[in-house]
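Chemist: okay, sequence plus prediction incoming.
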Number of protein chains: 4
Amino acid sequence: MSKQGALVALRGQIDELNSKLLELLNQRIEVARQIRAEKRLLGQAVYDPERELQMIGELLECNPGPLPPAIVAHLFREITRTTVEQLEGADQRTLRVARKCGEPDRIFKVGPHLLGEGPVLVSGPCSVESEEQIFKTARFLRSRGVRFLRGGSWKARTSPYEFQGLGRRGLTLLAAAAHESGMASVTEVVDTRHVAEVAQAVDMLQVGARNMQNFELLKELGGCGKPVLLKRGMSATLDELLNAAEYIASHGNQEIALCERGIRTYERQTRNTFDTSAVALLRQMTTLPVLADVSHAAGRKDILAPLARAALAAGAQGVMLEVHPQPEIARSDAQQQLDFPAFDAFLEALEAPLATLDAHVKPPAAMALVGR
Amino acid sequence: MSKQGALVALRGQIDELNSKLLELLNQRIEVARQIRAEKRLLGQAVYDPERELQMIGELLECNPGPLPPAIVAHLFREITRTTVEQLEGADQRTLRVARKCGEPDRIFKVGPHLLGEGPVLVSGPCSVESEEQIFKTARFLRSRGVRFLRGGSWKARTSPYEFQGLGRRGLTLLAAAAHESGMASVTEVVDTRHVAEVAQAVDMLQVGARNMQNFELLKELGGCGKPVLLKRGMSATLDELLNAAEYIASHGNQEIALCERGIRTYERQTRNTFDTSAVALLRQMTTLPVLADVSHAAGRKDILAPLARAALAAGAQGVMLEVHPQPEIARSDAQQQLDFPAFDAFLEALEAPLATLDAHVKPPAAMALVGR
Amino acid sequence: MSKQGALVALRGQIDELNSKLLELLNQRIEVARQIRAEKRLLGQAVYDPERELQMIGELLECNPGPLPPAIVAHLFREITRTTVEQLEGADQRTLRVARKCGEPDRIFKVGPHLLGEGPVLVSGPCSVESEEQIFKTARFLRSRGVRFLRGGSWKARTSPYEFQGLGRRGLTLLAAAAHESGMASVTEVVDTRHVAEVAQAVDMLQVGARNMQNFELLKELGGCGKPVLLKRGMSATLDELLNAAEYIASHGNQEIALCERGIRTYERQTRNTFDTSAVALLRQMTTLPVLADVSHAAGRKDILAPLARAALAAGAQGVMLEVHPQPEIARSDAQQQLDFPAFDAFLEALEAPLATLDAHVKPPAAMALVGR
Amino acid sequence: MSKQGALVALRGQIDELNSKLLELLNQRIEVARQIRAEKRLLGQAVYDPERELQMIGELLECNPGPLPPAIVAHLFREITRTTVEQLEGADQRTLRVARKCGEPDRIFKVGPHLLGEGPVLVSGPCSVESEEQIFKTARFLRSRGVRFLRGGSWKARTSPYEFQGLGRRGLTLLAAAAHESGMASVTEVVDTRHVAEVAQAVDMLQVGARNMQNFELLKELGGCGKPVLLKRGMSATLDELLNAAEYIASHGNQEIALCERGIRTYERQTRNTFDTSAVALLRQMTTLPVLADVSHAAGRKDILAPLARAALAAGAQGVMLEVHPQPEIARSDAQQQLDFPAFDAFLEALEAPLATLDAHVKPPAAMALVGR
């Protein structure tokens, strides 16, 4: 038998063992269900740690190997745990935010506009700083066709001595500026106690990278009644990001957009390393809209257009970009905000068609090429 | 003039040029310091790579030579870099939590015990799971001389379907168990809305790694009236950790302990990479007590003792360690919690004296060695 | 004066100080040049460490501050060091591989084809495994218009017990297959002792990620007479990559292409994190062609097309992609090599036009949009 | 049947199902082991995420329930994961350099001294720069009892314009200085073509971090006849490090010492992040001596003593430390080399006893403590 043949045959054996395991596991939960019914009649709790311990002890004693005790114990703990959760009604375990086979992209309204359809731009200053600043920005962006206006009111800043945002007043200004221009407003929320107020004022609530695993905030956003924009933590895995979204979804809110904004690595040329693969993978793993915040990823202005083009090429349904009428006097992130002419140049750069490979020619046409 | 005389004269010119250069460099850092002050008011970062690039570009354009462009660029980059480092260092030294020259370690009471003096052990289960579990653990630990009891009541878990802690009931059990054994109680707080309640119940409030930059929580803890244990975020820099502590300090609470608990890297043998240098550096940079959570760093049981020894050798004033009466049935972090016999073995391993280098012999004694 | 005004004024002072510093530095090297001439007459070496030490000691003694001694010492060491290097003829210090202002992209011949013009595809199996395998692959790829054939002969494998490549025989097969199809051949070289032989056989020599800082190999490639494809080390900075290229360039070979292939991070969904910003930045920093190896970045097949599209969108002048007639039996990297139908699907996916933002509309047209 | 009787019967069914599951799981890992063997012949990785995905997909399709898809998927992922870990663990245990059960530490002669017994210090300048420098250093170190003298002759420098070492002359000087003081000499080798010459001159050949996966060099060192000091690559996993050592071992040389020297992370306070867990884990995973290069890890002088203490506390059998008569004028790594008085202070700091926990009191004694 060829090497490959041997592999295929062995995999067949694995498949068969898997089927038998699955059958037994299904029988097992059925019995566990009956036990639970009996226990209920006896007024006993489903979960009995002592019984679990004893059961695993017995299995370990009669285990012939080669599976080592630690793995046997771990696997049966998992079997027991999932059984208990299942019986306790935790059937929500398949993540709500995961893409089921064939499921289409989720599209939802954010204020007056749709998110999740064609790619959009979410733009505005890092912080709302003044009435003039935010209205000027909103009008400019709207004149360019942008429909989503972002601006921070409570800023999450590394140092307590840095500008912390205008707070409530920023919120009001942002909402008014967006409203005037017919844009959807997006702002960050940083405290469970602010959720209701922020949800009343703006169209979409953002969770910043530093709060991606602020689970109480996520739960609160499950009931806020407005869409949520969830940014990836600065060293969060995609699995952690999806589970963070699941906190919101399992608490009642399915209108969530995810945002890749660069991850922390050793490279210092950029503030964060924009993870293009994350965009491509999230598009497969979930039906939620996926955005790319190129400003925070780069932390500099000169590569925003190529990064945005790359994000769109990888499937992003939106790009976040910081724009400020006078970045040099911005009170936060001055180094990465574009001014208006730079924004126009950015749009122009985005329009350039994607370079085509010399290679991507299909068979008959290609024949000609070979002769070159 | 003799040849040697010519050389001496030329060297005199070099010395004079050196003096002038030094004068200008001193003036330059003074101006940079003022720029730094302005930038801070504007919320801008000290280091601006694009401004540097432009500045160097201008110098190169007007450089008459003979210094070649590469050397000009290199020297001015060095001048800029050292300036930034100097100014950032100065910033750091002005933080309330930063160690001022000659300042002694901060020591404070946590419940009935002191923190910051000799090294202590902060131990207990990952989660409070039942009355029996936490009382049994407290009594055991106290019998070994441990004075700080930890246990989670609201757990920050990756998935919403994992055990989330007993909440308020966990808090009550923990406090009662600690009280019975005369221990100080430590528990994590995850929501600004819980701060008052948790502060009333336990002796020390912990901020978990995921909430290190939950700034609203930090501010709230500034007024909670109890000491705070602040864990380093999973990819936080030391600068960010100190600034997070500064949020608490600048809001009124100076009783803060810092905790290194491993950082996220590519290495998969451990859940996180324990950063021993962070312990050594934090001991220099701040007067706050520095702890080391070896359980969360390792994510496995077999290297807890060497890690704890290393942490103490590097200057840690405390070690955090998860202990559970039956780790196999723990509802969280089962793989890294020690059972009671393993805890005793851990204590024994800690006691072993530090291996000594063949080398550490001082001069006269060393003379004998040379002859070996 | 406004805040911004103050900043501008202070920056003016910095510019003035910079000019004076530059003037003094130019005078200083002029004097140093004279000293060197004197020393030469006296038969003394240019570099005199004792004199340097004494000079710095004197500066430290008379330093009024605020510059701290460490920075003074460092800066004058740099001034001295660069002076010595300059006088010793090391004027090559401006990196040869760095893009000078206005300099066009470098384009060069690799075998019969050009690199650096329009984007190209460099494709083939991870390892040359048999005559049939490599000829089949070459013919297939050429039928699709691909002009660069890659295949490993000496493989750098993590374990000594993994397939190490066919060595010399692989080299011959690769060259023959490429020649038959009129393609340029590319293969990795892993030992200084192989350079001459490999350079004689193939059109382009690849330096793998693990050897990016194998400086002796780089130097040897400086004299090999064939273009070099230099892959970024798995945790190399861009600065380190450019300096590695400079080793080749400064040893006589300017025909170098750089290749981003993903960097090592904590994220496990992909084997490496493809660093799109690196592509964009390298295109600015150097005139050398920049390629993107999406196969090694992803380590999986399902996101190769979006990653390749992203790389091209960010400016890459080529994409490297592993293709194998039967990936399931490949002797290395089986998980990431495409079979032929998958390769055709990949090409098709590349052809799709870049999604366009709802926003990228220029002013007059945009006016209409506002009214929507 | 009584209620309790029903419960007992149902539990009997669970026990029976458990036994069958265990039997199947044991069969399954046996088949997986065979697959592993086949894959190794084909050069494929054990873990194949896409195959896993497909396998789970098939199970879900044919799952009759009542187990919900999420639990089925989770349990089979756990089964797969533990299988992979078990098989990879088994692999590791078969490496020649892996510690077999009960195997004692390897101890071997390096020149006149033993390595692998009590902890030693390997010290000397970064680069050999002059006869005076290296002899002075050797005599000083020997007067302090140090037995291993290190010094670079061919330096691996980031830039081709940095000092590249004295080459052959450095080798001769190092060997002579070590010989005069009765020390063992250690120097880095950077090219396969240098191996024989370096092996003849010095007592131990070092492989630098950048060459850890220069496999041709490792193979060559397998036959060099002298012990090898292998440094961990700057982002190498422990598995990769052990496999690199295995290249040397499998080519005939078992006298290998491993050296942790810090890994590249995002943290900027240190040049690299010293990975203390690596020291502890390597001591378990292999019998080879494990050293800690604290100078390269820290990249600064002020935490060398705490890091060295931590390394020893974690089990390191040696510490590498850079020492230079005049670090200010060193031609490489000036910022991290200690001068002689600083070296004496370092030795003094190492001697301080390890701080002891308030906690580490054994039962009866502890009783007294409880009463405090």
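Modeler: In hand now; what should we look at?

Chemist: neighbours of the residue in the stretch 151-300 of chain A that chain C sits nearest to, how many?
Modeler: Nearest residue of the stretch 151-300 of chain A to chain C: residue A:280, at 3.8 Å (Cβ to the nearest Cβ). C-beta: built from backbone N, CA, C; applies to glycine. The number of residues packed near residue A:280 is 29, by other Cβ atoms under 10 Å in any protein chain shown.

Chemist: try residue A:205
Modeler: 26.

Chemist: one more: residue A:57?
Modeler: 11.

Chemist: close to chain B, is stretch A:203-217?
Modeler: Yes. Applying Cβ under 8 Å from any Cβ of the partner chain, one finds stretch A:203-217 touching chain B at A:210-211, A:213-216.

Chemist: helices along the stretch 251-372 of chain A, start to end?
Modeler: Assigned by DSSP state H, counting those that start in this stretch, the stretch 251-372 of chain A shows helices spanning A:276-285, A:294-298, A:304-313, A:340-351, A:363-370.

Chemist: quick check, central residue of chain A?
Modeler: By Cα atoms, centre = their mean, chain A has its centre lying nearest to residue A:258, at 3.4 Å.

Chemist: now that one: how far from residue A:228?
Modeler: Distance of residue A:258 to residue A:228, given as Cβ to Cβ, to the nearest Å: 10 Å.

Chemist: do residue A:344 as well
Modeler: Applying Cβ to Cβ to residue A:344 and residue A:228 gives a distance of 31 Å.

Chemist: quick check: buried residues in stretch A:240-254?
Modeler: A:240-250, A:253-254 (16 or more other Cβ atoms under 10 Å in any protein chain shown).

Chemist: show me which of residue A:344 and residue A:228 is the more surrounded one.
Modeler: Set residue A:344 next to residue A:228 and count neighbours by other Cβ under 10 Å: residue A:228 wins out with 25 against 16.

Chemist: contact partners for that one?
Modeler: If you count contacts by Cβ atoms under 8 Å, 6 or more residues apart in numbering or on different chains, residue A:228 has them with A:204-207, A:221, A:248, A:253, A:255-257.

Chemist: repeat that for residue A:336.
Modeler: Neighbour list for residue A:336: A:271, A:295-296, A:298-301, A:322 [criterion: Cβ under 8 Å, 6+ apart].

Chemist: which residue is the nearest non-sequential neighbour of it?
Modeler: The shortest distance from residue A:336 to any non-neighbouring residue, by Cβ to Cβ, 6 or more residues apart in numbering or on different chains, is to residue A:295 (4.8 Å).

Chemist: do residue A:97 as well
Modeler: Nearest non-adjacent residue to residue A:97, counting by Cβ to Cβ, 6+ apart: residue A:245, 4.5 Å away.

Chemist: now the helix or strand containing the one you found against helix A:276-285, angle please.
Modeler: Taking DSSP states H and E as the criterion, the element that holds residue A:245 is helix A:238-250. In terms of direction (axes from the mean of the first three to the mean of the last three Cα atoms, to 10 degrees), helix A:238-250 departs from helix A:276-285 by 40 degrees.

Chemist: in chain A, which spans are strands?
Modeler: Remark: strands assigned in chain A by DSSP state E are A:108-110, A:113-115, A:120-124, A:148-150, A:184-188, A:204-207, A:228-231, A:256-260, A:290-293, A:318-322.

Chemist: same question for the third one, mean pLDDT?
Modeler: Read that as strand A:120-124. Strand A:120-124 shows an average pLDDT of 96 in the prediction.

Chemist: tell me which residues of that strand are tucked away?
Modeler: Buried, per 16+ other Cβ under 10 Å, within strand A:120-124: A:120-124.

Chemist: list just the nearest of the residues you listed to chain B.
Modeler: Of all these, residue A:124 has the smallest distance to chain B: 16.6 Å, by Cβ to the nearest Cβ.

Chemist: list the beta-bridge partners for that closest one.
Modeler: As for beta bridges, residue A:124 partners with residue A:322 under DSSP bridges.

Chemist: pLDDT averaged over the helix holding residue A:245, what's the number?
Modeler: So the average pLDDT for helix A:238-250 ends up being 95.

Chemist: can you state the direction angle for it and strand A:256-260?
Modeler: 160 degrees.

Chemist: residues making contact with helix A:238-250?
Modeler: Residues contacting helix A:238-250 (Cβ under 8 Å, 6+ apart): A:92, A:95-98, A:207, A:212-213, A:215, A:218-219, A:221-222, A:228, A:230, A:232-233, A:236, A:256, A:258, A:278, A:281-282, A:285-286, A:288, B:158-161, C:267, C:269.

Chemist: any residues of the stretch 251-372 of chain A in contact with chain D? List them.
Modeler: Counting by Cβ under 8 Å from any Cβ, the stretch 251-372 of chain A comes close to chain D at A:264-266, A:268.

Chemist: and the furthest pair within these?
Modeler: A:264 and A:268 (11.0 Å; Cβ to Cβ).

Chemist: when these two are compared, which one has more neighbours?
Modeler: Neighbour tally, residue A:264 and residue A:268, criterion other Cβ under 10 Å: the higher count belongs to residue A:264, 24 against 13.

Chemist: quick check: the more buried one touching residue A:236?
Modeler: No. Contact criterion Cβ atoms under 8 Å: residue A:264 and residue A:236 do not qualify, at 10.0 Å.

Chemist: which ones are touching residue A:207?
Modeler: Contacts of residue A:207 by Cβ under 8 Å, 6+ apart are A:188-189, A:214, A:217-218, A:221, A:228-231, A:244.

Chemist: same thing but 7 Å
Modeler: For residue A:207, the contact set (Cβ atoms under 7 Å, 6 or more residues apart in numbering or on different chains) comprises A:189, A:217-218, A:221, A:228, A:230-231.

Chemist: looking at these, which is nearest residue C:316?
Modeler: residue A:231 (26.9 Å).

Chemist: number of nearby residues for the closest one?
Modeler: 26.

Chemist: what does residue A:161 give?
Modeler: The tally of other residues near residue A:161 (other Cβ under 10 Å) stands at 16.

Chemist: chain B contacts on the stretch 101-250 of chain A?
Modeler: Near chain B, the residues belonging to the stretch 101-250 of chain A are A:156, A:158-160, A:162-163, A:190-193, A:210-211, A:213-216, A:234-235, A:240, A:243, A:246-247, A:250 when assessed by Cβ under 7 Å from any Cβ of the partner chain.

Chemist: separate out the buried members of those residues.
Modeler: For those, a burial check counting by 16+ other Cβ under 10 Å picks out A:156, A:158-160, A:162-163, A:190-192, A:210-211, A:213-216, A:234-235, A:240, A:243, A:246-247, A:250.

Chemist: list the contacts of residue A:337.
Modeler: A:125-126, A:322-324, A:327, A:330.

Chemist: can you rerun that using 6 Å?
Modeler: By Cβ atoms under 6 Å, 6 or more residues apart in numbering or on different chains, the contact set of residue A:337 is A:322, A:324, A:327, A:330.

Chemist: the third one contacts residue A:341, doesn't it?
Modeler: No. The criterion here is Cβ atoms under 6 Å, and residue A:327 misses it with residue A:341 at 11.2 Å.

Chemist: between those two, which one's more packed in?
Modeler: Counted by other Cβ under 10 Å, residue A:327 and residue A:341 do not tie: residue A:327 has more neighbours, with 21 against 8.

Chemist: ignoring the adjacent residues along the chain, who's closest to that one?
Modeler: Nearest non-adjacent residue to residue A:327 (Cβ to Cβ, 6+ apart): residue A:337, at 4.0 Å.

Chemist: just residue A:38 next, same as before
Modeler: residue D:7 (4.9 Å).

Chemist: pLDDT score assigned to the one you found?
Modeler: At residue D:7, the predicted lDDT confidence score is 84.

Chemist: that one: neighbour count?
Modeler: Counted with other Cβ under 10 Å, the neighbours of residue D:7 add up to 18.

Chemist: could you do residue A:284 as well?
Modeler: 12.

Chemist: can you verify my assumption that the residue of the stretch 151-300 of chain A closest to chain C contacts residue C:305?
Modeler: No. Using Cβ under 6 Å, residue A:280 makes no contact with residue C:305, being 8.5 Å away.
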